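In: fold the following, please.
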Amino acid sequence: MSPVSPPAAGHVPGAHPGGAVPRHHIVTAMVENKAGVLARVASLFSRRGFNIFSLAVAPTDDERFSRITIVVDVESAPLEQIMKQLDKLVNVVRITELAPEEAVERELLLVTLEAGPGAARHGEVTALVESSGATIVDDGTDHMTVMLAGTPTSIDEFENLVRPFGITELQRTGLVALPKLSAGAAPPHTADPSHTAAPLPSVTGALQGEAG
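Out: Model prediction:
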């Protein structure tokens with residue numbers, strides 16, 4: 001799949017607290033691993049004015065396919081409309097919507113922090129990072145790069161916690177999610193229920209264009 005710059009991964013609202021209406025949809029699409037497919041999906045959302053909080057894409061265990069996870073603002077994009085529009089793309093094999101409370105959500109943060117000058121300052125930053133469950137992946141004289149994987153809410157909290165030390169660079173991957181395995185969890189909603197039981201098709205021939 002050709003590289004396409006996805007929307008910046010900013011704050012993603014968490015699961016709705018206190019029974020409030022959730023502010024985002026989590027939509028995953030299994031797509032053919034071909035050049036131009038990600039661009040088609042991203043442009044579909046852009047053309048229709050759907051507000052994307054984050055977009056993450058990577059190959060699956062089957063090299064023929066990639067999985068795209070899209071977090072979309074509820075107010076800008078009714079779920080039924082999203083599912084119908086994605087289903088029109090001929091390279092989309094399967095579409096699934098996950099309610100936030102029924103999904104295991106994770107995001108990865110890499111951040112370079114100012115950690116100097118001086119050993120005392122460096123030690124203070126190190127202690128804060130380690131107490132937060134983050135990992136130092138690169139350590140220089142006056143800076144360190146830190147990694148943290150967690151829920152979007154925990155990533156937000158960590159970012160706010162280390163900001164007073166000084167952030168040189170920051171990168172967030174955007175949300176990825178899978179259905180919870182807890183007993184009694186509702187099955188994820190798909191655009192076509194038959195897709196969940198059917199084997200994934202073989203992928204042959206030239207790249208097809210967008211339908212509709």
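In: specify the helix with the largest residue count in the protein.
Out: helix 119-131 (DSSP state H).
In: now do the next helix or strand after that helix and helix 119-131, the angle between them.
Out: Using DSSP states H and E, the helix or strand that follows helix 119-131 in sequence is strand 135-139. Orientation check (axes from the mean of the first three to the mean of the last three CA atoms, to 10 degrees): strand 135-139 against helix 119-131 gives 150 degrees.
In: how far does strand 135-139 sit from the chain's center?
Out: Using CA atoms, centre = their mean, to the nearest Å, the mean C-alpha position of strand 135-139 is found 23 Å from that of the whole chain.
In: what's the answer for stretch 151-163, then?
Out: 16 Å.
In: likewise for stretch 169-184?
Out: With CA atoms, centre = their mean, you get 7 Å for stretch 169-184.
In: so what's the predicted local confidence for residue 212?
Out: What the model reports as pLDDT for residue 212 is 31.
In: how close does residue 177 get to residue 56?
Out: Going from residue 177 to residue 56 by CB to CB, to the nearest Å gives 9 Å. In this view, the C-beta of every residue, glycine as well, is placed from N, C-alpha and C.
In: OK, contacts around the residue nearest to residue 98 when sequence neighbours are not counted?
Out: Residue nearest to residue 98 in three dimensions, not counting chain neighbours: residue 26, with 4.3 Å by CB to CB, 6 or more residues apart in numbering. For residue 26, the contact set (CB atoms under 8 Å, 6 or more residues apart in numbering) comprises 69-71, 97-100, 103, 105, 175, 177.
In: ok so, going back, who's in contact with the longest helix of the chain?
Out: With CB under 8 Å, 6+ apart, helix 119-131 has contacts from 113-116, 135-136, 144, 146, 161-162, 165.
In: what do residue 177 and residue 56 both touch?
Out: Common neighbours of residue 177 and residue 56 (CB under 8 Å, 6+ apart) are residue 69.
In: pLDDT of the longest strand seen in the chain, averaged?
Out: Among the segments of the chain that qualify as a strand by DSSP state E, the longest is strand 103-114. Summarised as a single mean, pLDDT over strand 103-114 is 95.
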